[in-house]
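Peer 1: Fold the following.
(one chain, ligands or ions: 1)
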Amino acid sequence: MCGIIGYVGPGPATPQILSGLQRLDYRGYDSAGLVVLDHGRIRVEKMPGKLEHLLDHLKKMPEMNGCVGLGHTRWATHGGPTQRNAHPHLSHRASVAVVHNGIIENHETLRRRLRARGYRFASETDTEVIAHLIEDLYRGNPLEAVRRAVNLLEGSFAIGVLFRDHPDVLIGARLNSPLLVGLGDGANYLASDAPAVLPFTRRVAYLEERELAEIRPGGVRVIDAEGRERPVRPIQIKWDFASAAKEGYPHFMLKEVFEQPRALRDTIRGRTNRQDLHFPELDIPARRLKAARRLVIVACGTAAHAGMVAKYAFEELARIPTEVCFASEFRYGDPVIGRDTLAIAVTQSGETMDTLCAIREAKARGALTLAVCNVVGATIPRACDGVVYTHAGPEIGVASTKAYTTQIAVLELLAVRLARLRGTLSRAEARPLLRAMEGVPLAVQEALECDGHVKRLARRYSRCRNFMYIGRRYNFPNAYEGALKLKELSYIHAEGYGGGEMKHGPLALVDDTFPTVAVAVRGRAYDKILSNMKEIEARGGILIAIANPRDARVKALARHVIEVPETAEMVSPMVTAVPLQLLAYHIAVALGRDVDKPRNLAKAVTVE
Ligand code: F6R
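Peer 2: Numbering: from 1, shown residues only. Have a look, this model is predicted:
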């Protein structure tokens, strides 16, 4: 989720690029950088941290003159948020500069091949591979060199490329990451998204998958991956800056809910190949992971719920006893931790103080520590022995959504990995699970189609004062998660329960004004959740069920059914989370709440 801006025209590039970068910081703030072709020489300036650091740095440097350039704000995925890893990246002989958004899944293979041809790497990023590759393939035609290079790339990318020998050309290319061309008056632009170019032009042309653009001051040419000419189809942007940053969504939260297919794809793809699993960034030796006899997951809020889902997978697949602890309580107990314990900190921000203190405590007591985190180089991954990153991209809405589902994906992939290491799961048994995991982005995409239906339900029930959420097994933690989302966004009281617990007390709350949201997808406890729903229905409670298509048994019990695609039970919480998130969102909107910034809450909780 990095931000890209490029300019080619008659005027100075630097002010236009810096102005574009100022409107892209919501796409990443790990580093900022720019490249300008200054009197025939490629000049790069980049700084870790927020854009202000780059701006301060530039004040101390000689002016960057030139009429073609690229800028970048980084959300780190491969390599920490350092100056070395900041974009733009230069090719070996400094003839090509590249900025990139996305993940190159085959970067290790390409790196090995380029190394063998004498290329030296200056960073740990996947992006640098692209710069070297383009230089290697360049024979005088920039567009052709980029075309041949991107045909060798796997994964997702939106790239901007500048050539030392071509002072009036920028090349852009994309696959699975958005990229657009801004059409100005005698000047043209390249951008990851519209806000970057809005002050300069409102005429933009979005590139299609695998298209490339050659951008000159006087015009733009688009070709496909085979080199065939493609039409340039400009549209007029009518939104203002704020809604453009949200890509037309009214809130960041809704944008992030809808980003989940992409976030999950980026998190899962490249790690599974149906045969086995790869965690390239995890440098804990397999024998140490295998030696763990106990697992302790520490986390807060939504991240803890992801840990609770994963507990089922760790115990069922890897047969390893797993405890999930709220980090805020963990170190005030006297946790039984030893050298045979693997402690996993789950955290979107990587900065939550409670989680940091808990994982430090586990480490001090001898545990092997691992972070599952969304922010590369954050404090918690640095405090741990190893890390696996979720590739959700920046989460701006305070309520966690895409971080949650990607945390479940990573933890369950880890469960499969551990199970394979421990010999509790054969390769043949792992295969359908990995296939189910690979199917999750599409299932989540389909689940998003319930949005209109959920919105209508939200309007109908937004005046209720209390809600109950129930689920079983893998979907039991989603009852907590659904309730938490509703509480924090709408300020309505809500509780989550395992369906079987209702008869031990909470059933007394049920009457004909009381809605219960039941996650009732098919799985091992399907009959059980149906019995729990029956208990509620018999007492006149309002049942809103999340179920698989054409489920007559659920339909017979529930007043409303929200359908989501059927998947393997293990991966279903990532799919059923979607209607839960949407229900909370739409109820909050119906009540006029500040969805992206709920009262009393902050995105990163860096105090105990
Ligand atoms: C709820 C939410 C919080 C966070 C919690 C942990 O929507 O976002 O409950 O999950 O504060 O934050 P991280 O994951 O950054 O450690």
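
Peer 1: host element of the nearest residue to Gln407 once chain neighbours are set aside?
Peer 2: Spatial nearest neighbour of Gln407, chain neighbours left out: Ala306 (3.7 Å); criterion: CB to CB, 6 or more residues apart in numbering. In this view, the C-beta of every residue, glycine as well, is placed from N, C-alpha and C. Assigned by DSSP states H and E, Ala306 falls within helix 301-318.

Peer 1: List the buried residues of that helix.
Peer 2: If you call a residue buried by 16 or more other CB atoms under 10 Å, then helix 301-318 has these buried ones: 301-314, 316-318.

Peer 1: close enough to count as contact, the residue nearest to Gln407 and Ala345?
Peer 2: No: between Ala306 and Ala345 there is no contact under CB atoms under 8 Å: 11.6 Å.

Peer 1: Identify the contacts common to these two.
Peer 2: Common contact partners of Ala306 and Ala345 (CB atoms under 8 Å, 6 or more residues apart in numbering): Ala299.

Peer 1: now the residue of the chain found nearest the ligand, nearest residue through space, not along the chain?
Peer 2: Ranked by CB to the nearest ligand atom, the top residue of the chain for proximity to the ligand is Gly301, at 1.8 Å. Spatial nearest neighbour of Gly301, chain neighbours left out: Leu484 (6.6 Å); criterion: CB to CB, 6+ apart.

Peer 1: And for Asn106?
Peer 2: In space, and not counting its chain neighbours, Asn106 is closest to Glu154: 4.4 Å by CB to CB, 6+ apart.

Peer 1: What are the boundaries of the strands in the stretch 51-200 of the chain?
Peer 2: Listed in chain order, the strands of the stretch 51-200 of the chain (DSSP state E, counting those that start in this stretch) span 68-74, 89-90, 96-104, 155-163, 170-175, 180-183, 188-191.

Peer 1: The fourth one: how far from the chain's middle?
Peer 2: For strand 155-163, the distance between its averaged C-alpha position and the chain's averaged C-alpha position is 20 Å (CA atoms, centre = their mean, to the nearest Å).

Peer 1: Please write out the alpha-carbon positions of it in PDB.
Peer 2: Extracted in PDB, the C-alpha atoms of strand 155-163 (Å, rounded to 0.1, in the frame of the first residue of the first chain):
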ATOM      1  CA  GLY A 155       2.700 -11.100  -7.400                       C
ATOM      2  CA  SER A 156       1.300  -7.500  -7.300                       C
ATOM      3  CA  PHE A 157       2.900  -4.300  -8.600                       C
ATOM      4  CA  ALA A 158       2.300  -0.800  -9.600                       C
ATOM      5  CA  ILE A 159       5.600   0.700 -10.700                       C
ATOM      6  CA  GLY A 160       6.900   4.000 -12.000                       C
ATOM      7  CA  VAL A 161      10.200   3.900 -13.900                       C
ATOM      8  CA  LEU A 162      12.600   6.700 -14.900                       C
ATOM      9  CA  PHE A 163      15.500   6.200 -17.300                       C
END
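
Peer 1: That strand to strand 170-175, inter-axis angle?
Peer 2: On the basis of axes from the mean of the first three to the mean of the last three CA atoms, to 10 degrees, strand 155-163 is oriented at 170 degrees to strand 170-175.

Peer 1: Just want the angle from strand 155-163 to strand 68-74.
Peer 2: Using the same axes, to 10 degrees: strand 155-163 against strand 68-74 is 150 degrees.

Peer 1: what angle separates strand 155-163 from strand 96-104?
Peer 2: 170 degrees.

Peer 1: same for strand 155-163, what does it pack against?
Peer 2: Contacts defined by 3 or more CB pairs under 8 Å, 6 or more residues apart in numbering; DSSP states H and E place strand 155-163 against strand 3-8, strand 68-74, strand 96-104, helix 127-137, helix 142-150, strand 170-175.
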